[in-house]
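# Give me the fold of what follows.
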Amino acid sequence: MKSPIVTRGARAALFFAFLCAAAGCTIADQYADINATDSRIAIKTDQLQQEADMQKQFQTQMKQLSDDLTDKKLTSDQLDARLAQLQRQNRHLASDNAKKRAQRDALEAELAQYRSQVAAIKASGATDEAAMEAQKRQLDQLKQQIHNRLLALAQAG
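You can find the predicted model right below:
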């Protein structure tokens, strides 16, 4: 019995065909990886743009509140509502590193402090004219303090 003899040339051709098929699979896998990476980059770019838009809107609202604080007719209720709005928006801002988280948390604490000061002024329950005038002065001082802080934040941001 004679066994079929595979020539060296046939083996070499078979080996090269196998290598080419394996290389084709590797290239197809790399192409799929590149497409997946491109998709992730596009998603992250969109997310980054959304965050930048939110940050810009937050800065605009801080500037608007700062401008409104120069108007002496802003009531304590309106001031409290605007501060609450800034707090909510600040909470939704992304903080992708420790420095941004620290800044966001510090601003959150400042806004909470301002809101508690507004609440204390409202709760003082001024009934006579002198007490009401003192309450108005306190509120105006607080408005000026918030105005200055928001301007500093807007310039830094």
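
# ok, longest helix in this protein?
Longest helix in the chain, counting residues (DSSP state H): helix 8-69.

# Mind checking the pLDDT average for the next helix or strand after that one?
Using DSSP states H and E, the next helix or strand after helix 8-69 towards the C-terminus is helix 76-92. Averaging pLDDT along helix 76-92 gives 78.

# number of nearby residues for residue 88?
10 (other Cβ atoms under 10 Å). In short, each C-beta sits where N, CA and C put it, glycine included.

# before we move on, what about residue 144?
When neighbours are counted by other Cβ under 10 Å, residue 144 comes out with 12.

# Distance check, it against residue 76.
14 Å (Cβ to Cβ, to the nearest Å).

# related to what we said a few turns ago, and the angle from the longest helix of the chain to helix 76-92?
Helix 8-69 runs at 170 degrees relative to helix 76-92, counting by axes from the mean of the first three to the mean of the last three Cα atoms, to 10 degrees.

# Helix 8-69: how far from the chain's middle?
21 Å (Cα atoms, centre = their mean, to the nearest Å).

# Just the mean pLDDT for that helix, thanks.
Rounded mean pLDDT across helix 8-69 is 79.
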